[in-house]
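Engineer: Predicted model and sequence below, questions to follow.
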Amino acid sequence: MSKSLPVHCIFLLLLSLFWQNSIADNDDGDSNEHASSHADFSVSINGASQLSSGIEILELRTNQFNPEIETFAVSVDLAPLFKIRKDYLSVRAEQQSANIQLQQSQRNVLRLQSLQRDQAVSTRKLREQQVQLKINQVQFNTARLQTTDTRLYAKIKWGNELSRWFLDESSADSMLNALKKPLYLVYLPKQIVSPSKTIFIQPFGLREKAHSASLISAAPLHENNQQQAGTPFFYLSDQTVQGHHQRVVAWLPVSQQKISGVIIPASALVWHLGQVFVYLQQQDNDEQFTRIKITEKKFIHSDAYFIDTELQAGDRLVSIGAQMLLSEEFSGQIPAEDDD
């Protein structure tokens, strides 16, 4: 009899503990503010706790996004091109002067030929004028060749478009515009097949503060830029920039076709075991939050990301308070000290 007593005590003790746990579970279902389930990565927070903890909800909407590649752009010094312009204007003036002298010599020869037929002037005088005509012709041809060579040199070094801006009088406005705004040299990465008409640049890599730059033309390849991989292009800033920056960060669109998705704030992201998650408030229960794994996010700027797969328009995203939800979710999985 004495040996069976401990068995009955143990049985009664287990029964008592089971009854107490059942009551506690029922009370938790009615009044406990936080309950979590690791199986579906969810956590429950009642309305009062949401308000006190500062949880903010953002309803997502559809946005268009053009994926970009971050690279750099180098400021281009236009002083050498301006010197070419000066040389070009000089040789062109010499050509115009030589042309005037040539035309005068041609008229003189015609006049002396007419007088010589009437024997009003000597043959020697006519021959001297014909020699002068040949000299003027050589001078004109030389000046014209120098003008052509100078223009060709500008095209080889700077391309057709910039050369036209600086050498043609009809493009003076474009030249003045180029002198007011920074010109950049950008090398297209191999992922980009053709240059975009517009890129975005910013000296300090702040995408949200970047401004646009417009495509001018392809940049000729020569000894100064052959060491850089990719095809070079000239881009002109669309804004007058204060201060000089030799090198700026550039964002190049990968393609002209945009993709649809949603933009989320960086504050919505939480990290767990090296993976990225967000929390969504369930549509049919505003006290229930589900943790969603984000496999791919596209950087927009330091405060925002673009998501095109795991999230969609209409989702109720936790924009503030995701870290608190993560802590609350896992705190429910830690056994109480008395459970031992």
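Structural biologist: All right, it came through fine.
Engineer: and Ala178, what is it in contact with?
Structural biologist: Leu78, Leu162, Trp165, Phe166, Leu236 (CB atoms under 8 Å, 6 or more residues apart in numbering). Using the backbone N, CA and C atoms, a C-beta is placed for each residue, glycine as well.
Engineer: Hmm, the fourth one is touching Lys157, no?
Structural biologist: No: taking CB atoms under 8 Å as the definition, Phe166 is not a contact partner of Lys157, at 11.0 Å.
Engineer: if you count what's nearby, which of the two comes out ahead?
Structural biologist: Phe166 (22 against 16; other CB atoms under 10 Å).
Engineer: Find the nearest non-adjacent residue to the more buried one, please.
Structural biologist: Arg85 (4.5 Å; CB to CB, 6 or more residues apart in numbering).
Engineer: Mind listing the shared neighbours of Phe166 and Lys157?
Structural biologist: With CB under 8 Å, 6+ apart, Phe166 and Lys157 have common neighbours Leu81, Ile84.
Engineer: which SS class is the closest residue to Glu296 other than its chain neighbours?
Structural biologist: Counting by CB to CB, 6+ apart, Thr309 is the residue found nearest to Glu296 once chain neighbours are left out, at 6.4 Å. With DSSP: H, G, I helix; E, B strand; the rest coil as the basis, Thr309 sits in coil.
Engineer: wait, what's in contact with Pro220?
Structural biologist: Lys155, Ile156, Lys157, Trp158, Gly159.
Engineer: Weed out the non-buried ones from those.
Structural biologist: Lys157, Trp158, Gly159 (16 or more other CB atoms under 10 Å).
Engineer: so what's the last one up against?
Structural biologist: Under the criterion of CB under 8 Å, 6+ apart, the contact partners of Gly159 comprise Ser217, Ala218, Ala219, Pro220, Phe234.
Engineer: Then Val91?
Structural biologist: Val91 touches Ala143, Gln146, Thr147, Thr150, counting by CB under 8 Å, 6+ apart.
Engineer: same check, this time on Thr295
Structural biologist: Contacts for Thr295 (CB under 8 Å, 6+ apart) come out as Thr309, Glu310.
Engineer: try 10 Å
Structural biologist: Gln275, Val276, Ile307, Thr309, Glu310 (CB atoms under 10 Å, 6 or more residues apart in numbering).
Engineer: Thought Val278 was touching the last one, still the case?
Structural biologist: Yes: taking contact to mean CB atoms under 10 Å, the distance of 8.1 Å between Glu310 and Val278 places them in contact.
Engineer: who touches both of those two?
Structural biologist: Ile292, Lys293, Ile294, Lys297.
Engineer: If any of those are buried, put those into a PyMOL selection.
Structural biologist: Buried members of the shared contacts of Glu310 and Val278 can be picked out in PyMOL with the line below, counting by 16+ other CB under 10 Å:
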select buried, resi 292+294+297
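Engineer: ok, the shared contacts of Glu310 and Val278 vs Ile192, which is closest?
Structural biologist: Nearest to Ile192 among these is Lys297, at 21.3 Å by CB to CB.
Engineer: which residues in the protein form helices?
Structural biologist: 5-31, 47-53, 79-117, 123-167, 172-180, 322-331 (DSSP state H).
Engineer: Of these, flag the one that's most buried.
Structural biologist: Highest mean neighbour count of these: helix 322-331, a mean of 18 (counted as mean count of other CB atoms under 10 Å).
Engineer: average pLDDT across it?
Structural biologist: The pLDDT scores in helix 322-331 average 89.
Engineer: What are the contacting residues of it?
Structural biologist: In contact with helix 322-331 (CB under 10 Å, 6+ apart) are residues 33-38, 41-45, 49-50, 53-56, 267-272, 277-279, 281, 289-291, 318, 321.
Engineer: now, which of the residues you listed lie within strands?
Structural biologist: Members of these lying in strands (criterion: DSSP state E): 34-37, 42-45, 56, 270-272, 277-279, 281, 289-291, 318.
Engineer: Counting neighbours, which of those end up buried?
Structural biologist: Looks like the ones in strands among the contacts of helix 322-331 have 35-36, 42-45, 270, 277-279, 281, 289-291, 318 buried, using 16+ other CB under 10 Å.
Engineer: and the two most separated of the residues you listed?
Structural biologist: Ala35 and Val278 (20.4 Å).
Engineer: which of the shared contacts of Glu310 and Val278 has the weakest pLDDT?
Structural biologist: Pick the lowest pLDDT in the shared contacts of Glu310 and Val278 and you get Lys297, at 87.
Engineer: Contacts only, for the closest residue to that residue other than its chain neighbours.
Structural biologist: With CB to CB, 6+ apart as the criterion, Lys297 has its nearest non-adjacent residue at 4.3 Å, and that residue is Tyr305. Neighbouring residues of Tyr305 by CB under 10 Å, 6+ apart: 65, 261-266, 268-269, 276, 278, 294, 296-299.
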